[in-house]
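Participant: sharing a sequence plus its predicted fold:
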Amino acid sequence: NSRGTSYLLKDSIPLTEFSASGPFEGHDLLRRGFTSVKNELLPSHPLELSEKNFQLNQDKTNFATLRNIQGLHAPLKLQMEFRAVKQVQRLPFLHSSNIALDTLRGNDECISFEDILNDPSQSEVMGEPHMMMEYKLGLL
């Protein structure tokens, strides 16, 4: 039954992982790093999921509070501003501080872990500008 097998393959293999070279290309270590099945299955610490979703949970709580205080228009306007600010980015090979997003969230006056240990001069993101732009545009 060819219909059944194609249905199984369609659900089990993500189509976004295929590159221009074909489905048999190896894992790109330079862009994605080393993989570990154990890291993909379970978090290493019980608080890891909470920390990963901290900003999302905080935004949901703030939006709910804002909706209760000011009405439905306030969180919708703020979400629209968040989306507009997230779309404006630098080129992929340049470090972006996202200062507008921090200002909207109220994090611009706080000193956090990322402010101390996120020095752009020590970043590993810098690479070949032409290759990074071609990868972002889907040409590579």
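Facilitator: Now that the structure is in, tell me what you want to look at.
Participant: buried sites along the helix ranked longest in the chain?
Facilitator: Secondary structure assigned by DSSP state H gives helix 54-70 as the longest helix of the chain. Residues of helix 54-70 classed as buried: residue 66 (neighbour count, 16 or more other C-beta atoms under 10 Å). In this view, the C-beta of every residue, glycine as well, is placed from N, C-alpha and C.
Participant: C-terminal to that helix, what's the next element?
Facilitator: Counting by DSSP states H and E, the element after helix 54-70 in chain order, helix or strand, is helix 73-87.
Participant: mind listing what's buried in that following helix?
Facilitator: Buried residues in helix 73-87 (16+ other C-beta under 10 Å): 75, 78, 85.
Participant: cool, stretch 132-140 as well?
Facilitator: 132, 135.
Participant: give me the distance from it to the chain's centre.
Facilitator: For stretch 132-140, the separation from the chain centroid amounts to 17 Å (computed by C-alpha atoms, centre = their mean, to the nearest Å).
Participant: quick check: mean pLDDT across that stretch?
Facilitator: Stretch 132-140 shows a mean pLDDT of 84 in the predicted model.
Participant: touching, residue 82 and residue 101? I think so.
Facilitator: Yes. Contact criterion C-beta atoms under 8 Å: residue 82 and residue 101 qualify, at 7.0 Å.
Participant: on that earlier part again, closest to residue 127 among the buried residues of helix 73-87?
Facilitator: residue 85 (24.9 Å; C-beta to C-beta).
Participant: mind pulling the model confidence for the residue lying closest to that closest one once chain neighbours are set aside?
Facilitator: Counting by C-beta to C-beta, 6 or more residues apart in numbering, residue 85 lies nearest to residue 100, which is 4.5 Å off, once chain neighbours are set aside. Residue 100 carries a pLDDT value of 89.
Participant: if we can go back for a sec, tilt between the longest helix of the chain and helix 73-87?
Facilitator: 150 degrees (axes from the mean of the first three to the mean of the last three C-alpha atoms, to 10 degrees).
Participant: elements contacting helix 54-70?
Facilitator: helix 73-87 (3 or more C-beta pairs under 8 Å, 6 or more residues apart in numbering; DSSP states H and E).
Participant: what mean pLDDT does the helix it packs on get?
Facilitator: On average, helix 73-87 scores 92.
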